[in-house]
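Trainee: Could you look at this predicted model? Sequence included:
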Amino acid sequence: MGRLFLLAALTLAAASPARGNPEGDPRPPYAVRSALERLPAQRPGTVDLYALVIGGDAEEVFRREVETVRRVLDERLGTGGRSAAMINDLAQPEPEVTLNSLAYALRAIAKRMDPEEDVLLLHLTSHGLRNHELSLRHPAMPLYSLSPLYLRSLLDEAGVRNRVIIVSACYSGGFVGPLSTGDTMVLTAASADRPSYGCGSDSQITDFSRALYLQALTRTRSLREAAVQTLDLVREDEKARGFAHSLPQLRSGAAIDERLRMIERQLGAR
């Protein structure tokens with residue numbers, strides 16, 4: 001009886017459909033593909049800022065953050081019409097954010113950019129892991145997390161040269177070294193060995209992103225200035241609340257700084 005039961009169980013398991021590729025489907029859901037296809041091509045002679053806002057985990061705080069960040073970028077940094085968002089929403093039957101869908105989105109945006117002239121701002125929010133990977137999670141299937149080196153390879157392969165990478169997650173300082181180039185600004189919510197705050201279910205947005213998008217960027221349209229202000233704002237807030245300092249990190253190359261100055265002049269930075 002035991003052997004027959006085991007044989008039946010193995011047969012049933014073999015006949016059951018797989019839960020999906022942990023790297024995700026080769027193409028994201030239709031709504032994401034459609035949004036990417038609607039992004040306009042770059043304008044010659046103008047430094048266009050494109051934005052991709054990613055919520056890797058299926059919790060409400062990250063969905064709310066994605067919506068807020070995209071709105072602020074459109075209003076304050078001129079990405080309206082040139083921004084896209086992807087979120088692993090519990091209410092949807094399949095994940096939008098996987099390793100494969102992120103690669104697809106980066107390639108799609110890169111095709112619309114002038115790689116010498118334009119800039120991509122990539123905002124990533126999720127739970128950060130101690131091994132410096134970013135959690136990608138959805139109840140429909142198990143997903144591989146996103147490592148700094150894998151993200152670097154996706155950006156390089158897509159041909160995105162001028163980059164602003166913002167990571168709101170615990171231990172996100174681990175993204176700084178692998179992503180740093182002269183053409184890249186990397187801003188993270190914490191150092192490589194410290195947590196950040198505000199990712200609980202009752203939060204509207206993570207503490208770091210509140211400081212950057214709802215405080216610093218209301219004072220200036222300069223992303224460079226806002227990034228520096230955010231470091232001070234987070235430190236002051238955590239000190240006032242008695243929290244151990246998360247030590248947000250900022251590293252920016254000379255070439256991306258010049259690209260961002262051009263965008264500031266186009267916007268009238270203040």
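Mentor: That came through, no problem.

Trainee: Okay, helices next: where are they in this structure?
Mentor: According to DSSP state H, the chain carries its helices in the segments 2-15, 30-37, 60-76, 99-112, 148-158, 176-179, 207-209, 217-219, 223-241, 254-267.

Trainee: So which of those helices is nearest residue 52?
Mentor: Smallest distance to residue 52 across these (C-beta to C-beta): 5.9 Å, for helix 99-112. The way it works is simple: take the backbone N, C-alpha and C, and place the C-beta from them, glycine included.

Trainee: Of the helices of the chain, which stretch is the most buried?
Mentor: Burial of these is given as mean neighbour count (mean count of other C-beta atoms under 10 Å); helix 207-209 ranks first at a mean of 26.

Trainee: Distance from the chain centre to that helix, please.
Mentor: The chain centroid and the centroid of helix 207-209 are separated by 13 Å, computed with C-alpha atoms, centre = their mean, to the nearest Å.

Trainee: That one - what's its average pLDDT?
Mentor: The average pLDDT within helix 207-209 is 98.

Trainee: which residues touch it?
Mentor: Residues from elsewhere that reach helix 207-209 (C-beta atoms under 8 Å, 6 or more residues apart in numbering): 65, 68-69, 123, 125, 168, 189-190, 196-198, 230, 234, 237-238, 246, 248.

Trainee: Endpoints of stretch 195-204, how far apart?
Mentor: Using C-alpha to C-alpha, to the nearest Å, the end-to-end distance of stretch 195-204 comes to 18 Å.

Trainee: Quick check: buried residues in it?
Mentor: Residues 195-199, 203 are the ones in stretch 195-204 that count as buried (16 or more other C-beta atoms under 10 Å).

Trainee: I'd like the residues you listed laid out as CSV, including distance to residue 34 and pLDDT.
Mentor: Putting the buried residues of stretch 195-204 into CSV (distance: C-beta to C-beta, whole Å; pLDDT from 0 to 100) gives the following:
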residue, distance to residue 34, pLDDT
195, 37, 97
196, 33, 97
197, 35, 97
198, 32, 96
199, 30, 92
203, 30, 90
